[in-house]
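> Any chance you could fold what I've pasted below:
(one chain, ligands or ions: 1)
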Amino acid sequence: MDYGRVLEQIHATVLPTLGQGKVADYIPELANVSPTHFGMAIATLDGQVHTIGDARMGFSIQSISKLFALVMALKVEGDDLWKRVGREPSGTPFNSLVQLEHEAGKPRNPFINAGALVVTDILCTRFAVPENALSDFLEKLSGTPAIHYNHRVERSERRHSDRNSAMAHFMKSFGNLRNPVDQVLDAYCRHCAIEMNCVQLAKAVSFLANHGRIPGSDEEVLDVSRSKRLSALMLTCGTYDAAGDFAFRVGLPAKSGVGGGIVALIPGECGICVWSPPLAESGNSFSGSLALELLTTLTGRSIF
Ligand SMILES: NC(=O)CC[C@H](N)C(=O)O
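Numbers count the residues shown, from 1 in each chain. Predicted coordinates for the structure are as follows:
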């Protein structure tokens, strides 16, 4: 597959759409990014990396961190984690509280904010400094040193975290958070504020395309079964209440973030990351979703 050529075709098609959608501003610091950035990277399992546009420019990974935090929590907690977090699509926005009251403080899945807060609580119990453990893990997965979080983005989100704070307190009232709410929120905001670029993220997600093993070193991150299950969760829950439409249009396991990044993978073939800051109503990158749709259309590759 000539991914270099495919990326050029995708770039040419999405260029006129850049700027459609709206850059997230409910975290004020996120609004300071240019809406016309676009980058995409494909990391194949044989070690090649194909890029286009701003693929080496760092951005705020936001909810993409939920994927890697979940992998870490599964490694330390195992399947007990599922007693505290569900595995069903929520059908509601990523920051919704409504289901929690009827469902005894157990979030529908680990990729909405409520679920990620429970996952973060597990990491707070298991690691002295969870944000350092997560960035160390991301350095290993992406094969790049020095991954950090952006302090300004972290402080900006922490100052505007009333909604996530309400969610965390509510879950704590059901006994589904073990650590102090402030500690969990601090760690959560630091995870979301991690900065990476498309190349690093395409490499970081590629172990899921490789049955749970890091391509190159062959180190096992997750066993085959867990890796398969993680990909299934990405497909059903990774793009919030647009997951059905995303499966219809793109047909790949994916995880998005409000910084405009989306990671995806083609099993047995490659890890992918696309970045374009303006978001569609659902909170997924507008042009990034289009780019992934073009990728599967142009290559004929998807999981279906
Ligand atoms: N969907 C997202 O990327 C949301 C992450 C963001 N930090 C929040 O909690 O609201």
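> Neighbours of the nearest residue to Arg163 once chain neighbours are set aside, how many?
Once flanking residues are discounted, Arg163 sits nearest to Asn95: 5.5 Å by Cβ to Cβ, 6 or more residues apart in numbering. To be clear about C-beta, it is placed using only N, CA and C from the backbone, and glycine gets the same treatment. Other residues lying near Asn95 total 17 when counted by other Cβ atoms under 10 Å.
> How about Ala247?
Ala247: 19 surrounding residues under other Cβ under 10 Å.
> now Cys198
The number of residues packed near Cys198 is 31, by other Cβ under 10 Å.
> Could you check which residue of the chain lies nearest the ligand?
Ser63 (3.0 Å; Cβ to the nearest ligand atom).
> ok, now which ones touch that residue?
By Cβ atoms under 8 Å, 6 or more residues apart in numbering, the contact list for Ser63 reads 94, 111, 113, 116, 192, 255-258.
> Go through those and say which is closest to Asp241.
Phe94 (8.0 Å; Cβ to Cβ).
> sec struct for that closest one, please.
coil (DSSP: H, G, I helix; E, B strand; the rest coil).
> Surely the residue nearest to Arg163 is in contact with Asn113?
Yes. Counting by Cβ atoms under 8 Å, Asn95 does reach Asn113; the two are 4.9 Å apart.
> Find the residues that touch each one of these two.
Residues touching both Asn95 and Asn113 by Cβ under 8 Å, 6+ apart: 163-164, 167.
> Just the buried residues of these.
164, 167 (16 or more other Cβ atoms under 10 Å).
> and the gap between Asp223 and Ile194?
Counting by Cβ to Cβ, to the nearest Å, the gap from Asp223 to Ile194 is 26 Å.
> Next secondary structure element downstream of the helix or strand harbouring Thr13?
According to DSSP states H and E, Thr13 maps onto helix 3-14. For helix 3-14, the following helix or strand on the C-terminal side (DSSP H and E) is strand 39-44.
> Can you give the distance from that next one to the centre of its chain?
Computed by Cα atoms, centre = their mean, to the nearest Å, the separation of strand 39-44 from the middle of its chain amounts to 15 Å.
> Equivalent analysis for stretch 162-176, please.
Offset of stretch 162-176 from its chain centre (Cα atoms, centre = their mean): 22 Å.
> Also stretch 253-273?
For stretch 253-273, the distance to the chain centre is 8 Å (Cα atoms, centre = their mean).
> got the buried residues for it?
By neighbour count on 16+ other Cβ under 10 Å, the buried set for stretch 253-273 is 253-267, 269-273.
> For stretch 153-164, list every residue counted as buried.
Residues of stretch 153-164 classed as buried: 153-154, 156-158, 161, 164 (neighbour count, 16+ other Cβ under 10 Å).
> Repeat that for stretch 215-233.
By 16+ other Cβ under 10 Å, the buried positions in stretch 215-233 come out as 215, 221-222, 226-227, 230-231, 233.
> Check stretch 283-300 too.
283-296.
> Check these one by one and keep those near the ligand.
Gly283 (Cβ under 6 Å from any ligand atom).
> Tell me the one of the buried residues of stretch 283-300 nearest Val33?
Of the buried residues of stretch 283-300, the one sitting nearest to Val33 (Cβ to Cβ) turns out to be Ser285, at 11.9 Å.
> Can you give me the distance of the residue lying closest to the closest one once chain neighbours are set aside to Phe286?
Distances taken as Cβ to Cβ, 6+ apart put Gly260 closest to Ser285, at 4.5 Å, once the chain neighbours are dropped. Counting by Cβ to Cβ, the gap from Gly260 to Phe286 is 9 Å.
> Likewise for Gly105?
Here Gly105 is placed at a distance of 33 Å from Phe286 (Cβ to Cβ).
> by contact count, what packs against the helix or strand bottoming out on mean pLDDT in the chain?
Confidence across the helices and strands of the chain bottoms out at helix 98-102, with a mean of 88, counting by mean pLDDT, DSSP states H and E. With contacts taken as 3 or more Cβ pairs under 8 Å, 6 or more residues apart in numbering; DSSP states H and E, helix 98-102 sits against helix 162-173.
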